[in-house]
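J.: My questions concern the predicted model and sequence given below.
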Amino acid sequence: MQGKLRQIITNDRVYTIADQLILTIEFGMATQSSVDLAKNVKRGLTSKAEKGFKPGLPNLGYKCDFTGEKGKKAVFVDEERFPLLRKMVDMMLTGLYTVPQIINIMNEQYHFITPKGIKLQNSTAYKIFTNPFYYGEFEYGGVWYKGSHTPLMPPEEYDKIQLILGRKGKPRPKTHDFAFTGVIKCDCGAMITATEKQRLLTSGGIKDHVYYHCTGRKVGVTCAQKKKGATVEYIELTALDLMNNLDIPQEYIDWAEKYIKDNVAEDRKLIESQLNKLQKDYEVVVTRLNSLIDLKVNNPDILTDEEFRERKVKYTKEKDKILSAINELNENQNKGADEVIDVLNFWSKARRRFEYGDIQTKREIFARLGSKFLLKDKKTHYRPGRNGLRVEK
């Protein structure tokens, strides 16, 4: 037979069935206290990470300053083990040693012992070669922080080791900005994205390669082009070939600018005539509106309130319409000519700016070439769009 709980005995008091309400309140207070404590601990650890101190125990090769202020305890180099870890990195960078060989050398020749009193293990060695902490960064709570500790290796050496290790390596987290994403579509209709890959050269260096390929995110479409990417070099050559047709001589630009300005001078006379007429119309309407208001003030019985409102709305709309036309004429009398000259100057220098410019410059020029770039069978196809530039001499 199952028994019934009659009492709960604690160090402070004894709770009976009659104390259920008190128990519920105290349990709730205890739970809230636990939640608040967890929040405070998390807040403290996040603050510690933001200052460059990795929460938790120090990694192999480092030791903690146990005498430091709470939340600000620095991580120091372990003078005994740090030089040996650096020697492991140097051996790996030569490409002449495997990880098991390095482990064997450390254990047999240098008698490597961890703080736990054991020899260097396979998993520990791989952590040294693949943990971002050793090049100066660490992750906490899904956010990456720059550590304040002395790194074991620079980021470039870390990247090279990842290539040497192959699949066992972890790529260093990077933030990329690619020039042509967002302006090229795949033949299937989806957008094109870019991926950066690294290749270890025989000379020991690292070469970056950027490939543009389909995202495969067109709903209801299975893309056959997803694995048929194009290199950034090919896309840039395509753009440069298009710009070969835009080699505009400076003599032509100078002639065009003079021709346009001469025609603008003739057009300006017509615009000034239109402005004078609009200005007179504007003054007439303003006079009518002021007279209407004076009439209502001085002789309120001549017009009803409804008649006054209707006429006021009518004159106000006429005034705003004329004013808008005046402003538009003033703004546009030189706009068309200036835009043509700006376009000619832009494309006369576009090729050189594209070849030697930064990512943002290349993106701007590429986007102005046309609005319909398609990637198909590893090639970029250009189709002048409705708002794109038709490239021709």
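T.: That came through, no problem. What you are looking at is a predicted structure, and each value in this text was computed from that prediction instead of being measured.

J.: Find the helix or strand that Lys127 is a member of.
T.: Assigned by DSSP states H and E, Lys127 belongs to helix 122-130.

J.: Output whichever helix or strand comes after that helix as CSV, restricted to C-alpha atoms.
T.: Counting by DSSP H and E, the element after helix 122-130 in chain order, helix or strand, is strand 137-140. Extracted in CSV, the C-alpha atoms of strand 137-140 (Å, rounded to 0.1, in the frame of the first residue of the first chain):
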residue,chain,number,x,y,z
GLU,A,137,40.3,33.8,-30.6
PHE,A,138,37.7,31.8,-28.7
GLU,A,139,33.9,31.2,-28.9
TYR,A,140,31.6,31.6,-25.9
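
J.: packing partners for the very next helix or strand once past strand 137-140?
T.: Downstream of strand 137-140, the next assigned helix or strand under DSSP H and E is strand 143-146. The contact analysis (3 or more Cβ pairs under 8 Å, 6 or more residues apart in numbering; DSSP states H and E) places strand 143-146 against helix 20-50, strand 137-140. The C-beta positions use only the backbone N, C-alpha and C, and glycine is treated the same way.

J.: Flag whichever of the ones you listed has the least confidence on average.
T.: For the helices and strands packed on strand 143-146, mean pLDDT drops lowest on helix 20-50, to a mean of 70.

J.: quick one, strands of the stretch 151-300 of the chain?
T.: Under the criterion DSSP state E, counting those that start in this stretch, the stretch 151-300 of the chain contains strands at 184-186, 192-200, 206-214, 230-231.

J.: Quick one, which of the ones you listed gets closest to Met92.
T.: Closest approach to Met92 among the strands of the stretch 151-300 of the chain (Cβ to Cβ): strand 192-200, 12.4 Å.

J.: quick one: buried residues of stretch 278-285?
T.: 278, 281-282, 285 (16 or more other Cβ atoms under 10 Å).

J.: Over to stretch 339-347?
T.: 344, 347.

J.: ditto for stretch 288-305
T.: 289, 292, 296, 303.

J.: and the gap between the first one and Ile302?
T.: What that stands for is Leu289. 16 Å (Cβ to Cβ, to the nearest Å).

J.: who's in contact with Val285?
T.: 315, 318-319, 322 (Cβ atoms under 8 Å, 6 or more residues apart in numbering).

J.: Closest one of the residues you listed to Arg353?
T.: Ile322 (43.7 Å).

J.: Grab the nearest non-local neighbour of the closest one.
T.: Tyr282 (4.6 Å; Cβ to Cβ, 6 or more residues apart in numbering).

J.: For stretch 356-367, buried residues please.
T.: For stretch 356-367, by 16+ other Cβ under 10 Å, it's 362-366.

J.: Send over it as PDB, restricted to the C-alpha atoms.
T.: Extracted as PDB, the C-alpha positions of stretch 356-367 are listed here (Å, rounded to 0.1, in the frame of the first residue of the first chain):
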ATOM      1  CA  TYR A 356      42.500  48.000 -59.700                       C
ATOM      2  CA  GLY A 357      39.500  48.900 -57.500                       C
ATOM      3  CA  ASP A 358      38.300  47.400 -54.200                       C
ATOM      4  CA  ILE A 359      35.400  45.000 -53.800                       C
ATOM      5  CA  GLN A 360      32.800  47.800 -53.500                       C
ATOM      6  CA  THR A 361      34.100  49.600 -56.700                       C
ATOM      7  CA  LYS A 362      33.900  46.300 -58.700                       C
ATOM      8  CA  ARG A 363      30.400  45.600 -57.400                       C
ATOM      9  CA  GLU A 364      29.200  49.100 -58.400                       C
ATOM     10  CA  ILE A 365      30.600  48.900 -61.900                       C
ATOM     11  CA  PHE A 366      29.400  45.300 -62.400                       C
ATOM     12  CA  ALA A 367      25.900  46.200 -61.300                       C
END
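
J.: Contacts for that stretch, please.
T.: Contacts for stretch 356-367 (Cβ under 8 Å, 6+ apart): 177-180, 182-183, 236, 239, 243, 350, 353-354, 373.
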